[in-house]
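Enquirer: Predicted model and sequence follow; I will ask about them next.
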Amino acid sequence: MLDAAIFLKNNLADHFVIYFIPLYILGGRPVALLSAQFLGVRIALLLPVIVLLDTLQIPLFYYLYETISKRSFMRTLHQRTIKKEEQLRKSRLFRWVQLIGTPGVVAITMLPLKGCGMWSGVLLTMFLRLPKHISYFLMIVGSILGCIFLLAVGEGILQLKDFFVN
């Protein structure tokens, strides 16, 4: 494993910009940001790029959700849901989503876990029926806080490595 990390550092660090976008697409924000940090790339340059890439995903996910919701199957499902709306409003899941509200959007978009991020943030904002200008702001804040969190974790790992190696 150490040999693989050394190989990547020696061969990938010089051309990291070429590999950054595929790393971001395949692994998401955690993989791209932590690999850049471990390879010694200046994070001050990549942090705005990551936030920009996260922000560019938001309209795409809105478009996908709106397109899916316009399908006849979804309209039929929506009509059934309206009939069962009273049961839905009494459910624990619905009450939980209403309770987390806007802080939940920030929390969902900042978490470095699979299933969290912009995709889930857009779904949650649509479920909460938040206006787009508010949801964009909340998801961008979540992206920035998520990047800061990942940078702190990466810095902690690098400090532990330096502590144990030296």
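Expert: Structure's in. What do you need? Predicted model only: the values in this text are computed from it and were never measured.

Enquirer: make it CA atoms for all contacts and neighbour counts henceforth
Expert: Noted.

Enquirer: Below-threshold pLDDT in this protein: ranges please.
Expert: For the chain, the stretches flagged by pLDDT under 70 are 1-18, 69-91, 93-98, 115.

Enquirer: Could you check how far the most centrally placed residue in it is from F38?
Expert: The chain has G117 as the residue nearest its centroid, 2.3 Å off, counting by Cα atoms, centre = their mean. Here G117 is placed at a distance of 22 Å from F38 (Cα to Cα, to the nearest Å).

Enquirer: swap in P48?
Expert: Applying Cα to Cα to P48 and F38 gives a distance of 18 Å.

Enquirer: cool, F20 as well?
Expert: Per Cα to Cα, F20 is found 13 Å from F38.

Enquirer: In terms of packing, which of those two has more residues around it?
Expert: More neighbours surround F20 than the other of F20 and F38, with 18 against 15 (other Cα atoms under 10 Å).

Enquirer: wait, the more buried one sits on A32?
Expert: Yes: using Cα atoms under 8 Å, F20 is in contact with A32, at 6.2 Å.

Enquirer: And the helices in this structure, which stretches?
Expert: Ranges of helices within the chain are 2-12, 16-38, 43-69, 72-83, 85-90, 92-110, 118-128, 132-165, based on DSSP state H.

Enquirer: Tell me which of the ones you listed sits most buried.
Expert: For the helices of the chain, ranked by mean neighbour count under the definition mean count of other Cα atoms under 10 Å, the leader is helix 118-128 at a mean of 20.

Enquirer: Work out the gap between it and the centre of the chain.
Expert: Distance of helix 118-128 from its chain centroid, counting by Cα atoms, centre = their mean, to the nearest Å, is 11 Å.
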